Structures are given as structure tokens and as C-alpha cells.
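**Student:** sharing a sequence plus its predicted fold:
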Amino acid sequence: MSGISKDLARHLVRAAFRSGRELEEGLALLKTTCEPDEYRDYAIGIAAAIDGIHAALLSKAIAAYPELEGEIETEIEKYGRYL
């Protein structure tokens, strides 16, 4: 991950978490409107999408700057999310 700054890595981590939250919110709405089988299909797709986002952004940012992992955990413990 040459060329990526720590600030850009932080930005990508925040974007990954934000995307995951938005997808989870959509999942909650789907649960109230879909039949169980249809909901399950969406849930599997959303889980795969969140996993893909995290693999593409979060894991690479942490690999480039391992100290971000502690920073992320501290903020999640303190604020309930990474600010």
C-alpha cells in the first residue's frame, strides 16, 4: 500500500464502517418487509458486501498502519464507533 498516507487510511476505515452501518440499516428495513426466504437472501448478500468492503479497505489500511487497530478499538470502546 505504498503512497497511502495515514490520514487517507483513516478516511478509508471510516468509509468502510459507514458503508457497513448503512447496509445494516437497510437490512433492518428489509426484515420488516420481506418474507423470511427473501430476507435471508438479502442478508447473505449484505454480509458478503460488508465483508468485501472490510477486506478491500479496512484490512489493507491496518496492514499499512498497524497502529490504527488500537486507535480504532479505543474509539469504538469510547464512542461506540470510529469517529
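**Tutor:** Right, received. Where do you want to start? Residues are numbered from 1 along each chain as shown.

**Student:** distance of Ile76 relative to Tyr39?
**Tutor:** Ile76 sits 27 Å away from Tyr39, going by Cβ to Cβ, to the nearest Å. Where C-beta positions appear, they are placed from N, C-alpha and C, glycine not excepted.

**Student:** now Glu73
**Tutor:** Between Glu73 and Tyr39 the computed distance is 31 Å (Cβ to Cβ).

**Student:** so between the two, which is more surrounded?
**Tutor:** It is Tyr39, of Glu73 and Tyr39, that has more neighbours when counted by other Cβ atoms under 10 Å, with 15 against 11.

**Student:** wouldn't that one be in contact with Leu30 here?
**Tutor:** Yes - counting by Cβ atoms under 8 Å, Tyr39 does reach Leu30; the two are 5.6 Å apart.

**Student:** lowest average confidence across helices and strands of this protein, where is it?
**Tutor:** Lowest on mean pLDDT, DSSP states H and E among the helices and strands of the chain sits helix 59-64, with a mean of 91.

**Student:** may I see the buried residues of that one?
**Tutor:** For helix 59-64, the neighbour count (16 or more other Cβ atoms under 10 Å) marks 60-62, 64 as buried.

**Student:** what of stretch 71-83?
**Tutor:** By neighbour count with 16+ other Cβ under 10 Å, stretch 71-83 contains the buried residues 72, 82.

**Student:** could you give the average pLDDT over that stretch?
**Tutor:** What stretch 71-83 shows for mean pLDDT is 91.

**Student:** use 15 as the first number from now on
**Tutor:** Yes, from this point I'll number from 15; that puts the last item at stretch 85-97.

**Student:** now do it: distance to the chain's middle.
**Tutor:** 13 Å (Cα atoms, centre = their mean, to the nearest Å).

**Student:** switch the buried residues of helix 73-78 over to CSV; also include distance to Gly17.
**Tutor:** Formatted as CSV, the buried residues of helix 73-78 follow (distance: Cβ to Cβ, whole Å):
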residue, distance to Gly17
Lys74, 12
Ala75, 13
Ile76, 17
Ala78, 10
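
**Student:** model confidence for the residue nearest in space to the middle of the chain, exactly?
**Tutor:** The centroid of the chain falls nearest to Phe31 when counting by Cα atoms, centre = their mean (3.3 Å). The score at Phe31 is 93. That number is its pLDDT.
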